[in-house]
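Colleague: What follows is a predicted structure for the sequence shown.
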Amino acid sequence: MQVQEGRDKFIQAWGTLGSSWGINRTMAQIHALLLISHVAMSTEEIMESLGISRGNVNMNVRSLMDWGIVHKELRPGDRKEYFYAEKDIYITAMKIMRQRRKRELEPLIDIMTQLKQVKPDETKEGLALTKAVHDIDHFAQQADTLLNAMEKMSSNWFTQQFLTLLKKIKPI
C-alpha cells in the first residue's frame, strides 16, 4: 500500500469510527487529516483535501477546537487561519474524556440527584422508577470515580515526567 492510499484509508476509517463514537463523519475525517498532517492546514487546504464545503470545514473545525483537540495557528503577514491537531493521542484521549464527562456524565448525575428526591411509593411504577434511578445513579457515580482516578493518574504521570526532565537538565 502506498502512502496516499494509506492516508486515504486512515481518514475514511477514522470518519467511520467517529460515527460510532457519536461525532459526525466529517468532523472525524477533518480530525484524522489534521492528525496525520505534518503542517498546520488552512480551511482551503482542508476543503480541497476532503472535497467538502467551507461552511462544513468551519463548523467542524470550531467543534474540534471546542473539544480542545484542534488548535489555530496564525502566521505573520498571512490573513488565513491554519489548524493543527494535538499529536499526542494520550492528551487527545484525556481531553475527549473531560469533554464527554462535562457534556454527558455531569448532566446525568445532576438529573439523577433531582430524581432521587422523588418520594417512593409501593406501586409497581414507583418501585420501577426508584430502582432505575438508583441503578443509573450508582453507575454514573462509579464512572465519575473512575474518571477522577484516571485524571489524577494522568496528572501524577505528567508531574513525574516533568520532574524527571528537570533533574536531567544541567545548570549553566
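Modeller: Alright, I've got the coordinates.

Colleague: Mind jotting down where the strands sit in this structure?
Modeller: Under the criterion DSSP state E, strands of the chain are mapped to 41-42, 70-74, 81-85.

Colleague: quick one, domains of this structure?
Modeller: 3-85, 89-168 (automatic domain parsing).

Colleague: list the contacts for residue 86?
Modeller: 68-71, 92, 95 (CB atoms under 8 Å, 6 or more residues apart in numbering). Every C-beta, even on glycine, is put in place using the N, C-alpha and C of the backbone.

Colleague: Name the residues of stretch 44-54 that are buried.
Modeller: Buried positions in stretch 44-54, judged by neighbour count with 16 or more other CB atoms under 10 Å: 45-47, 49-50.

Colleague: wait, I meant stretch 126-135
Modeller: The neighbour-count check on stretch 126-135 (16+ other CB under 10 Å) flags 130, 133 as buried.

Colleague: Would you quantify the distance from the closest residue to residue 39 other than its chain neighbours to residue 122?
Modeller: Closest residue to residue 39 apart from its sequence neighbours, by CB to CB, 6 or more residues apart in numbering: residue 84 at 7.6 Å. For residue 84, the distance to residue 122 equals 60 Å [CB to CB, to the nearest Å].

Colleague: Compare those two (neighbour count), which wins?
Modeller: residue 84 (16 against 6; other CB atoms under 10 Å).
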